[in-house]
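Asker: I'd like to go over a predicted model; first the sequence, then the structure.
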Amino acid sequence: MLKRTLFRTIKEASECFPVILLTGPRQVGKTTLLEAMSGRTRRYVSLDDLEQRNLALNDPVLFLQTHTTPVMIDEVQYAPGLFPYIKMHVDRHKRPGDFWLTGSQKFHLMKGMGETMAGRVAIIDLLGFSYCEMTGQADKGAPFLPSAEHVRRKGGKPRDPLTVADLYSIIFNGSFPGLYVNNYKNRELFYSSYIKTYIERDVKDSYGISNDIAFYNFIRAAAARTGQLLNYADIARDVSIDSKTAKAWLSILERSGLVKLLEPYYNNITKRIIKTPKLYFLDTGLCAYLTGWDSPKTLEAGALGGAILETFVFTEIIKSYWHNGRDANIYFYRDNDQKEIDFVIEANGRLYPVEVKKTATPAMGDIKNFDVLRLLKKDIGHGAVLCLRQEAVPLSREVTAMPVWEI
């Protein structure tokens, strides 16, 4: 098993909190990670097992008496009625690390918890492998800020450069661990099975959607718009559904951890900033599969080539924070004058601008919009152009061109 950056965060949290909730999409390695950490010192029960789910739903007291602590409960979203009884156990015994929970429906879980577990649970997000984890450098996966100092902050040397073909091969395959540890050798079969299982188990069971074909077409339409401003009416028209249904279905994708809506950065100083979010898939391999590209080469050369690179950068930045147990304060900027900055990271009271370019020779024109952030009356940090260069070089005193694999 490849080591995960979250290992350290989970260990520290489990020494402080009685309950750990690890959330993320199916197949990103939640169970594998926690099992590797616990060894044989912790009982394990999965609510995918219908018998155990039935017991948890109908007799939660007996369920917890049967599965004594320390215990790991997998797919806990199927029995939100357990939470009050877990709370009572926690308040009675006050032992850190008693409950490790996993769930693939984060927002559904948050609703189920409500105020029940406030102050008692550490909520941690996991996605597929980051590039650091793929290359065996999980311990060097530091939260990304765009500067030449980023590599030194991670305590490492610059990574070996990737060719464009190698980079797009990584993007094409995606980040699900099963595809990297050779559990699934057939990429097409893996993704087709993933979508089928997702629709059958998560969507039908949790949300009662009966029109499989329409929902599948909706997922494909959303994938084709990764990296774009969200337009519900446009997606709805392509799938022949109404905008209300499109909003509801996109909410399901977001709850399942398949997509994330990136909000624009704005404040009350300027009224000319567009407030529509952008849509990003959280796994580039799944996105490429849904949009029908059959090889890394055709993906790189096709209409999605730039957007999928931007999506890869977005997911890597998100992972660099989430896999360290940190919130990712990341936005984008776009105003009515069509001035746009791909990403704006807010940290340390500053705004750090980031542009993504599918080129090995970025130019000053690529950062011409960075100065618009000064209109927001905020301190501006060092900026970056994440691109296909082989090494980091300064574009100016305030901006560095960096390879995307150095995130």
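Answerer: Received, thanks.
Asker: Could you list the low-confidence segments of the chain?
Answerer: In the predicted model of the chain, residues 1, 106-115, 147-158, 182-184, 268-272 satisfy pLDDT under 70.
Asker: redo that, cut-off 80
Answerer: Across the chain, the ranges flagged by pLDDT under 80 are 1-2, 39-40, 105-118, 147-160, 181-185, 201-202, 204-208, 266-274.
Asker: Where is the longest helix in this protein?
Answerer: Taking DSSP state H as the criterion, the chain has its longest helix at helix 305-322.
Asker: Which stretches in the stretch 151-300 of the chain count as helices?
Answerer: Chain-ordered helices for the stretch 151-300 of the chain, with DSSP state H, counting those that start in this stretch as the definition, fall at 164-173, 187-197, 204-207, 212-223, 232-239, 243-255, 284-290, 296-301.
Asker: Mind putting those into CSV with mean neighbour count?
Answerer: Placement of C-beta: from N, CA and C, glycine included. Below are the helices of the stretch 151-300 of the chain laid out as CSV (neighbours: other Cβ atoms under 10 Å):
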stretch, mean neighbour count
helix 164-173, 19
helix 187-197, 15
helix 204-207, 14
helix 212-223, 19
helix 232-239, 16
helix 243-255, 18
helix 284-290, 26
helix 296-301, 17
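Asker: With distance to residue 41 added, can I get the ones you listed in a markdown table?
Answerer: Conversion of those to a markdown table gives the following (distance: least, Cβ to Cβ, whole Å):
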| stretch | distance to residue 41 |
| --- | --- |
| helix 164-173 | 34 |
| helix 187-197 | 30 |
| helix 204-207 | 32 |
| helix 212-223 | 39 |
| helix 232-239 | 47 |
| helix 243-255 | 32 |
| helix 284-290 | 34 |
| helix 296-301 | 42 |
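Asker: Residue 122 is nearest to which of those?
Answerer: Ranking those by proximity to residue 122 (Cβ to Cβ) places helix 243-255 first, at 20.1 Å.
Asker: picking up where we left off before, by how many degrees do the helix or strand just after the longest helix of the chain and helix 305-322 diverge?
Answerer: Downstream of helix 305-322, the next assigned helix or strand under DSSP states H and E is strand 330-334. Going by axes from the mean of the first three to the mean of the last three Cα atoms, to 10 degrees, strand 330-334 is angled at 140 degrees with respect to helix 305-322.
Asker: From start to finish, how long is stretch 13-25 in a straight line?
Answerer: Distance across stretch 13-25, first residue to last, is 21 Å (Cα to Cα, to the nearest Å).
Asker: can you pull the buried residues of it?
Answerer: Neighbour-count burial for stretch 13-25, with 16 or more other Cβ atoms under 10 Å as criterion, is recorded at 13, 14, 17, 18, 19, 20, 21, 22, 23, 24, 25.
Asker: burial count for residue 130?
Answerer: 23 (other Cβ atoms under 10 Å).
Asker: what helices or strands is the longest helix of the chain leaning on?
Answerer: Judged by 3 or more Cβ pairs under 8 Å, 6 or more residues apart in numbering; DSSP states H and E, helix 305-322 is in contact with helix 164-173, strand 259-262, strand 278-281, helix 284-290, strand 330-334, strand 340-347, strand 350-356.
Asker: Those into CSV, with extra columns for distance to residue 402?
Answerer: CSV is the format used below for these (distance: least, Cβ to Cβ, whole Å):
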stretch, distance to residue 402
helix 164-173, 14
strand 259-262, 20
strand 278-281, 20
helix 284-290, 19
strand 330-334, 16
strand 340-347, 13
strand 350-356, 9
